[in-house]
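Peer 1: Fold the stuff below for me.
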Amino acid sequence: MERNINIYMKNTIETFRKQKLNGDKITMLTAYDYSTAKLIDQSGIDSILVGDSLGMTMLGYDSTLSVTMEDMIHHTKAVSRGVENALIVADMPFMSYQTSIYDAVVNAGRLIKEGNAHAVKLEGGATVCEQIKAIVDCQIPVMAHIGLTPQSINAFGGFKVQGKSQETAQRLIDDALKVQEAGAFAVVLEGIPSKLAKIITEKLDIATIGIGAGADCDGQVLVYQDMLAMFSDFKPKFVKYFANIGEVMTSAFMEYSKEVKNGTFPSAEHCYKIDDDIIERLH
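Peer 2: Okay, here's the model as predicted:
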């Protein structure tokens, strides 16, 4: 007896390759919890990044450096429960892959096995190519990340645009080619001049995902709290507010507080009923 199985095709790393080939722009947003991931997935976004940016947006740190593997696994698990179609990429946090190839493979495996991610992302160019190759050799897809790499904030002296000199621009081109050769299926280009990002995109066979790298990348990623004006600690130049949800939320919280204090919430429509004769027999 044959079984009629309807397989719902998800976005995969092969989807990224086809989109690059066909000139179909790739959409990516961050998510860190079940409810948000479900909404993003239902909107048709191609990929969700469980970014170590959760250190700032969810945990209140001033950088990504304090984020742990346990943090990443916890949030990636939550996101995976809300996703049916989007490709889930999980960030490898600071010092989870830099220490050794062994650590890189083990920690990448944890994000796949325990966090239910589909791929992992790590920062760096030529310096992490051995880690990329080793992880890919274990059948784990890797997204690379070059340019303004937040885990290198102390080395960079802050969040600064990268690749503005001939030397540093050439190094980024070389890094992009090297991570591609190491086996990365895509590379994030962050905080680099748009003309440089265009050159890199044209040189690579793998997809480029831009964040502060111009419109010529193969796709774009944003932190969802940034694009919804929910994170107000600072606003990077590359962020556009697509809706002022932060203002809407603040207004709703204030209205809730007012109605609770003046006794108009909860009203009768929000309350459960019981027969009066039962109440009368209570003592």
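
Peer 1: quick one: average confidence on stretch 252-261?
Peer 2: Throughout stretch 252-261, pLDDT has a mean value of 98.

Peer 1: what sits against residue 197?
Peer 2: Taking Cβ atoms under 8 Å, 6 or more residues apart in numbering as the criterion, residue 197 is in contact with 189, 208, 210, 213-214, 216-217. All C-beta atoms are positioned from the backbone trio N, CA, C, and that covers glycine.

Peer 1: Just those: which are in strands?
Peer 2: Helix and strand membership here follows DSSP state E; of the contacts of residue 197, those in strands are 189, 208, 210.

Peer 1: who wins for most neighbours among those?
Peer 2: residue 189 (32 neighbours; other Cβ atoms under 10 Å).

Peer 1: contacting residues for the residue nearest to it when sequence neighbours are not counted?
Peer 2: Setting aside the residues directly before and after it, residue 189 is nearest to residue 213 in space (Cβ to Cβ, 6 or more residues apart in numbering), at 4.1 Å. Shown in contact with residue 213 (Cβ under 8 Å, 6+ apart): 147, 189-194, 196-197, 238.

Peer 1: try it again with 6 Å
Peer 2: When contacts are counted by Cβ atoms under 6 Å, 6 or more residues apart in numbering, residue 213 touches 189, 192, 197.

Peer 1: which stretch of helix or strand covers the spatially most central residue of the chain?
Peer 2: Geometric centre of the chain, nearest residue: residue 49, 2.2 Å, by Cα atoms, centre = their mean. In this structure, residue 49 sits in strand 47-50 according to DSSP states H and E.

Peer 1: next SSE after the helix or strand of the chain with the lowest mean pLDDT?
Peer 2: Across the helices and strands of the chain, mean confidence by mean pLDDT, DSSP states H and E is lowest for helix 153-156: a mean of 82. Taking DSSP H and E as the definition, the helix or strand that follows helix 153-156 towards the C-terminus is helix 166-182.

Peer 1: which residues touch that following helix?
Peer 2: The set of residues external to helix 166-182 that reach it, using Cβ under 6 Å, 6+ apart, is 125-126, 129, 132-133, 144, 146, 163, 187, 196, 200, 204, 206.

Peer 1: For the residues you listed, please prepare JSON lines with the additional fields neighbour count and secondary structure.
Peer 2: Supplementary listing: the contacts of helix 166-182 in JSON lines, determined by neighbours: other Cβ atoms under 10 Å; DSSP: H, G, I helix; E, B strand; the rest coil:
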{"residue": "125", "neighbour count": "23", "secondary structure": "coil"}
{"residue": "126", "neighbour count": "14", "secondary structure": "helix"}
{"residue": "129", "neighbour count": "19", "secondary structure": "helix"}
{"residue": "132", "neighbour count": "28", "secondary structure": "helix"}
{"residue": "133", "neighbour count": "18", "secondary structure": "helix"}
{"residue": "144", "neighbour count": "28", "secondary structure": "strand"}
{"residue": "146", "neighbour count": "30", "secondary structure": "strand"}
{"residue": "163", "neighbour count": "25", "secondary structure": "coil"}
{"residue": "187", "neighbour count": "28", "secondary structure": "strand"}
{"residue": "196", "neighbour count": "23", "secondary structure": "helix"}
{"residue": "200", "neighbour count": "26", "secondary structure": "helix"}
{"residue": "204", "neighbour count": "20", "secondary structure": "coil"}
{"residue": "206", "neighbour count": "20", "secondary structure": "coil"}
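
Peer 1: Can you give the domain ranges for this structure?
Peer 2: 13-244, 249-281 (automatic domain parsing).

Peer 1: rewinding a little: partner strands of the strand holding residue 49, with direction?
Peer 2: The sheet places strand 47-50 alongside strand 26-30 (parallel), strand 87-91 (parallel), with pairing taken from DSSP bridges.

Peer 1: most tightly surrounded among these?
Peer 2: Neighbour counts (mean count of other Cβ atoms under 10 Å) averaged over each of those peak at strand 87-91, with a mean of 28.

Peer 1: Contacts for the next helix-or-strand element following that one, please.
Peer 2: Proceeding C-terminally, strand 87-91 gives way to helix 101-113 as the next helix or strand, assigned by DSSP H and E. The contact list for helix 101-113 (Cβ under 6 Å, 6+ apart) reads 69, 90, 96-97, 117, 120, 130-131, 134-135, 138, 140.
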